[in-house]
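Enquirer: Show me the folded form of this:
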Amino acid sequence: MLEYRIDRRSGIATYLQIVQQTKQALRMGVLEPGDRLPTAREVVEATAINPNTVLKAYRELEREGLVEARRGLGTFIRATLGTTPAAASPLRGELADWARRARAEGLDRDDVAALFTSVLDQHFKGDDA
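Expert: Predicted coordinates:
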């Protein structure tokens with residue numbers, strides 16, 4: 001089952017972090033149609049956030065057609081993102097090697113994220129992805 005990690009220092013709204021992490025799990029093949037998301041209560045117990053925040057995230061995912069709420073049963077994945085899970089891509093190994101080299105050269109997580117984001121922005125200008 002998916003476990004959400006909330007970064008209170010990120011500047012990103014908590015509900016959006018849940019939405020983003022769910023979408024990432026869909027892209028990576030961690031979640032597939034039919035899988036149940038953790039209940040709001042489970043997320044609250046694991047992260048100490050307000051239940052309304054979880055419900056807002058789940059409503060946003062439902063609005064996007066990615067999940068469906070089934071009364072009394074929970075919230076279930078309805079659709080995937082992408083055609084094949086990104087985890088299956090051979091590029092994952094190359095990216096892992098690159099991350100190891102970056103770490104060996106003394107870059108920390110924030111440095112790597114900034115570098116990677118700048119390259120993404122350069123190569124995916126104007127994309128909504």
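
Enquirer: Contact partners for the most centrally placed residue in the chain?
Expert: Centroid check for the chain by Cα atoms, centre = their mean gives residue 21 as the closest residue, at 1.8 Å. Neighbouring residues of residue 21 by Cβ atoms under 8 Å, 6 or more residues apart in numbering: 2, 4-5. For glycine as for every other residue, the C-beta is placed from the backbone atoms N, C-alpha and C.

Enquirer: need these in JSON lines with secondary structure and neighbour count, can you?
Expert: Formatted as JSON lines, these follow (DSSP: H, G, I helix; E, B strand; the rest coil; neighbours: other Cβ atoms under 10 Å):
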{"residue": "2", "secondary structure": "coil", "neighbour count": "18"}
{"residue": "4", "secondary structure": "coil", "neighbour count": "20"}
{"residue": "5", "secondary structure": "coil", "neighbour count": "9"}
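
Enquirer: So which of those is the closest to residue 48?
Expert: residue 4 (11.3 Å; Cβ to Cβ).
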